[in-house]
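A.B. asks: no sequence on this one, just coordinates:
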Ligand code: NAD
């Protein structure tokens, strides 16, 4: 473990390069390639979240005001699910994949084998600070890598807890935690890694990519964006309202795959808004004071959206800066040009628009940067197929919200402005492995005609065979 956030800059840089050098030395020994080592690390992650659930919940409450139930669902069950799935499937994922060869390469054999990349950097955000640090770490160790984890400084209690616990449960010669802010991240990137996996906002994502480019470090960028929920008139509005409200309220709306805005068919739009408002009242009857926002900067941004909006507040609207709370709010018909509809909301505010035709809604969503997810509530197969096929997005969920994230069989990632690359399950193992192409030949036969100088006959035969 390297606790570096309070160190002077020169010491910090030296400490960091020593940490990375130590991990590289460990990787060079080859011990992280061993399947048993990988499985031991995955078990370590499982044990960490199981045995330290109470401490994790306390840290999340201190950083984010999160309830123990949401701490369990968002950070503990999700992390454990990834680790268990990887542990159970790892031997299968590690198998060589034989490939058929073209005739001109016989006799011989060809295969793809997965090789660890080396030492990777994981940069986590504050909103699910355990899951989004340890989830990528599952992929890193499953692929046989050493890793530096840099948790977010904006969730300081969780960052300190991870720095303390990770060395207790994982091989501390292979996995290190470095704490600190964006400048620490840039100094880490300057060390050069074999891969960097970043989760965070699109603007910081650009800075990560620029920092990584200096060292030619490949990146996976798990970014954000405005994920739309599209509801057609034939949807079950009660179920739709419950599912949207539930996920939107989770972690005070500070979830990358939260429904960002709702666009519903005009004939049912107002009825759906009423049902969502009723669900919000019911689900948050124990939190009448509003939902806690992570810090003043984020609070001011969200309160600013509410001040600026030209839309009608259908429910909520109250803000309290002294307690950093915002009431869950539904805003009907905001101007598509205002900040609420231009920026990722990332808070408990749901803007709602109406559409008349599928062409219109497809045009609207596609007129904006590609979202991380598209959510479609409909009973119509034709509508569902059109919306899935014609709206590019990282993922899509039909008749629910955000649940694809909990399915390790599906790759999780964005496209365009919402990210590049994907992980979870096998996809994470592959993202942090090198796919090595191997062709193995025999010494015999060794046909003389392939070597120069070429006779006319040899060229004729070669043109036929190759
Ligand atoms: P962020 O981009 O502000 O910060 C993420 C990390 O980047 C932190 O560890 C931070 O220390 C570091 N950082 C900040 N400035 C930096 C700089 N100049 N150079 C290098 N590193 C720097 O993100 P956040 O506010 O923690 O999280 C919110 C954003 O993350 C939202 O946009 C959300 O949609 C997105 N997000 C995406 C996913 C996903 O899986 N796709 C998951 C959660 C959050």
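C.D. replies: That came in fine, so what should we check first? Keep in mind that this is a model prediction, so the values were computed, not measured. Residues are numbered from 1 along each chain as shown.

A.B. asks: can you give me the helices in the stretch 151-300 of the chain?
C.D. replies: With DSSP state H, counting those that start in this stretch as the criterion, the stretch 151-300 of the chain has helices at 156-169, 182-191, 202-214, 237-249, 266-283, 296-308.

A.B. asks: would you reformat those helices as CSV and include mean pLDDT and mean neighbour count?
C.D. replies: Heads up, the C-betas are built off the backbone N, CA and C, glycines and all. Shown next, in CSV, are these (pLDDT from 0 to 100; neighbours: other Cβ atoms under 10 Å):
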stretch, mean pLDDT, mean neighbour count
helix 156-169, 98, 20
helix 182-191, 97, 19
helix 202-214, 97, 16
helix 237-249, 97, 21
helix 266-283, 97, 18
helix 296-308, 98, 16
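
A.B. asks: to residue 464, which of the ones you listed lies closest?
C.D. replies: helix 202-214 (45.3 Å; Cβ to Cβ).

A.B. asks: elements contacting the closest one?
C.D. replies: helix 182-191, strand 195-199, strand 219-222 (3 or more Cβ pairs under 8 Å, 6 or more residues apart in numbering; DSSP states H and E).

A.B. asks: tell me the spacing between residue 414 and the ligand.
C.D. replies: Counting by Cβ to the nearest ligand atom, to the nearest Å, the gap from residue 414 to the ligand is 6 Å.

A.B. asks: residues near the residue lying closest to that residue once chain neighbours are set aside, how many?
C.D. replies: Spatial nearest neighbour of residue 414, excluding adjacent residues (Cβ to Cβ, 6 or more residues apart in numbering): residue 394 at 3.8 Å. Applying other Cβ atoms under 10 Å, we find 26 other residues in the vicinity of residue 394.

A.B. asks: could you do residue 112 as well?
C.D. replies: Counted with other Cβ under 10 Å, the neighbours of residue 112 add up to 14.

A.B. asks: thought it was touching residue 436?
C.D. replies: Yes - assessed by Cβ atoms under 8 Å, residue 112 is found in contact with residue 436 at 6.8 Å.

A.B. asks: residues from the protein in reach of the ligand?
C.D. replies: Proximity of the chain to the ligand, by Cβ under 6 Å from any ligand atom, involves residues 123-127, 132, 150, 152-154, 181-182, 185-186, 199-201, 204, 207-208, 222-224, 256, 344, 346, 372, 414, 419.

A.B. asks: list only buried entries from those.
C.D. replies: 123-127, 132, 150, 152, 154, 182, 185-186, 199-201, 204, 207-208, 222-224, 256, 344, 346, 372, 414, 419 (16 or more other Cβ atoms under 10 Å).

A.B. asks: most proximal residue of this protein with respect to the ligand?
C.D. replies: Using Cβ to the nearest ligand atom, residue 224 is the residue of the chain that sits closest to the ligand, at 2.1 Å.

A.B. asks: measure that residue to residue 230 for me?
C.D. replies: Note on residue 224: its distance to residue 230, by Cβ to Cβ, to the nearest Å, is 19 Å.

A.B. asks: export the helices and strands packed on helix 202-214 to TSV and tack on distance to residue 48?
C.D. replies: Output for the helices and strands packed on helix 202-214, formatted as TSV (distance: least, Cβ to Cβ, whole Å):
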stretch	distance to residue 48
helix 182-191	22
strand 195-199	19
strand 219-222	21
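
A.B. asks: and of these, who's closest to residue 449?
C.D. replies: Smallest distance to residue 449 across those (Cβ to Cβ): 44.0 Å, for strand 195-199.
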